[in-house]
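**Student:** Take a look and give me a structure for this.
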Amino acid sequence: MEFAEITIDSKTVFDNYIRQHNVQISELTFTNFFAWRYYYKFRYAVIADLLCVVSFPYMGEPFAMMPIGNINEEKFAEAFSKIKRYFTKNGLRPLFKKITRDELAFFKGRTASEESVVFDRDNSDYLYNTADLANLRGKKYDGKRNHINKFKRLHTYEYVALDCSLLDECVRIMEQWCRAKNCSCRSGDYCERIANMEILRNFEILGCKGALIKTDGSFEAFTVGEMLNKDTAVIHIEKANSAIDGLYTFINQQFVLREWSETAYINREQDLGEEGLRKAKLSYHPVRLIEKFTVYIDYRSETRSKSCRYIF
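**Tutor:** Numbering: from 1, shown residues only. Reported below is the predicted structural model:
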């Protein structure tokens, strides 16, 4: 069984299977797979008419994602069996990550015990009502409105939809953010900068929407998102000059209001266990978490290869 590398030309294949899937999590977009392909070393194959993605990240154990497509028990059983065999023949523990609560039913009877299913809070996505983020109504959003009003009072500002002529401005803002965060992005590091640059370089082909905020004559913030499913948009990037009070709050609200008002929900991805990011995401009062789980597969009865054939 051959797994192929992801290139920009893989978009047609991914989009075909993603359209058939009930996508809920932020990872299941071609944009995400493409942007993070170097760090996670994603590979894909079509098995039982399902798109199957495996990862061999620089850090952490290799894992598989949930098979993607018009899934049923029969198709899943075949894909699961072949993925499991691929892992064990290469001397690897079969492991599935980013599995939603609804998808856990497919793994029933395929794990050693209940302890084999582990809740992954740090990677669970935050889901918000679009109207809440666009309008910020009610007492619970008093602080957000105050931040925006202060920003408007102290600065001139302009909302500008992102197009290719403004990508250099996004790159500049991204580089400034990275310097402030001291992100070295050495080989093997979990590097948001590299992934975001991939999205910006391929912005048109990926089919994303974006926007910038010009503040006092200079572009100081940008954001990028796309549709995740028929009623939900996902925000992939949001970067701003943190020295400008209220700018993050302003671009968050304006992007949702101007670009995604026809949707029901906004997925703002995960917090990765970062305390400050978790506090910020909770402060917008999500309607729920899209819970994700790691599933460890029982393979003790399998015959494991003595020589690992893992070649990536």
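**Student:** in the stretch 101-250 of the chain, which spans are strands?
**Tutor:** Along the stretch 101-250 of the chain, counting by DSSP state E, counting those that start in this stretch, strands occupy 117-119, 125-129, 157-161, 209-215, 218-229, 232-240.
**Student:** show me where the stretch 151-300 of the chain has helices.
**Tutor:** In the stretch 151-300 of the chain, the segments counted as helices under DSSP state H, counting those that start in this stretch are 167-181, 192-201, 203-206, 247-259, 275-282.
**Student:** Go through the longest one and flag the buried ones.
**Tutor:** When neighbours are counted by 16 or more other C-beta atoms under 10 Å, the buried residues of helix 167-181 are found to be 167, 169-171, 173-174, 177-178. Yep, even glycine has a C-beta here, placed from its N, CA and C like the rest.
**Student:** Could you list the low-pLDDT ranges of the stretch 51-200 of the chain?
**Tutor:** Along the stretch 51-200 of the chain, segments meeting pLDDT under 70 span 112, 114, 184-190.
**Student:** 80 instead?
**Tutor:** By pLDDT under 80, the low-scoring segments of the stretch 51-200 of the chain are 112-115, 181-191.
**Student:** If you count neighbours, what's buried in stretch 107-119?
**Tutor:** Here stretch 107-119 shows 107, 110-111, 116-117 as buried, counting by 16+ other C-beta under 10 Å.
**Student:** what's the farthest-apart pair in these?
**Tutor:** Spatial extent of the buried residues of stretch 107-119 (C-beta to C-beta) is set by the pair R110 and V117 at 10.4 Å.
**Student:** Tell me which of the helices of the stretch 151-300 of the chain sits nearest to S124.
**Tutor:** Comparing the helices of the stretch 151-300 of the chain under C-beta to C-beta, the one sitting nearest is helix 275-282, at 10.5 Å.
**Student:** Please state the offset of the closest one from the chain centre?
**Tutor:** Distance of helix 275-282 from the chain centroid (C-alpha atoms, centre = their mean, to the nearest Å) equals 17 Å.
**Student:** Skipping adjacent residues, who's closest to A161 in space?
**Tutor:** Nearest residue to A161, sequence neighbours excluded (C-beta to C-beta, 6 or more residues apart in numbering): A211, at 5.6 Å.
**Student:** Hmm, that neighbour is touching L257, no?
**Tutor:** No: look at A211 against L257 with C-beta atoms under 8 Å: they stay out of range, at 10.5 Å.
**Student:** For these two, indicate the residue with more neighbours.
**Tutor:** More crowded of A211 and L257, by other C-beta atoms under 10 Å: A211, with 20 against 16.
**Student:** For the more buried one, list the residues it contacts.
**Tutor:** By C-beta atoms under 8 Å, 6 or more residues apart in numbering, the residues touching A211 are 159-162, 222-223, 251, 254-255, 258-259.
**Student:** Tell me which two in those residues are the farthest apart.
**Tutor:** Greatest spacing in these, by C-beta to C-beta: F222 and R258 (13.8 Å).
**Student:** Between those two, tell me which one has more neighbours.
**Tutor:** Shown here are F222 and R258; by other C-beta under 10 Å, F222 has more neighbours (28 against 13).
**Student:** give me the beta-bridge partners of the more buried one?
**Tutor:** Judged by DSSP bridges, the bridge partners of F222 are L212, K239.
**Student:** gap between it and L92?
**Tutor:** According to C-beta to C-beta, to the nearest Å, F222 stands 39 Å off from L92.
**Student:** Please produce TSV containing the strands of the stretch 101-250 of the chain, extended by distance to E5.
**Tutor:** Listed next are those as TSV, based on distance: least, C-beta to C-beta, whole Å:
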stretch	distance to E5
strand 117-119	29
strand 125-129	26
strand 157-161	33
strand 209-215	27
strand 218-229	22
strand 232-240	21
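**Student:** quick one, what contacts the closest residue to Y44 other than its chain neighbours?
**Tutor:** Nearest residue to Y44 in three dimensions, chain neighbours excluded: V53, at 4.8 Å (C-beta to C-beta, 6+ apart). V53 is in contact with 33, 42-44, 64-65, 68, counting by C-beta under 8 Å, 6+ apart.
**Student:** longest helix of the protein?
**Tutor:** helix 73-89 (DSSP state H).
**Student:** and it, how far from the chain's centre?
**Tutor:** Centroid displacement of helix 73-89 relative to its chain, using C-alpha atoms, centre = their mean, is 25 Å.
**Student:** In terms of secondary structure, what does the following helix or strand past that helix contact?
**Tutor:** The helix or strand immediately downstream of helix 73-89 is strand 95-100, counting by DSSP states H and E. Applying 3 or more C-beta pairs under 8 Å, 6 or more residues apart in numbering; DSSP states H and E, one finds that strand 95-100 contacts strand 63-64, strand 292-296.
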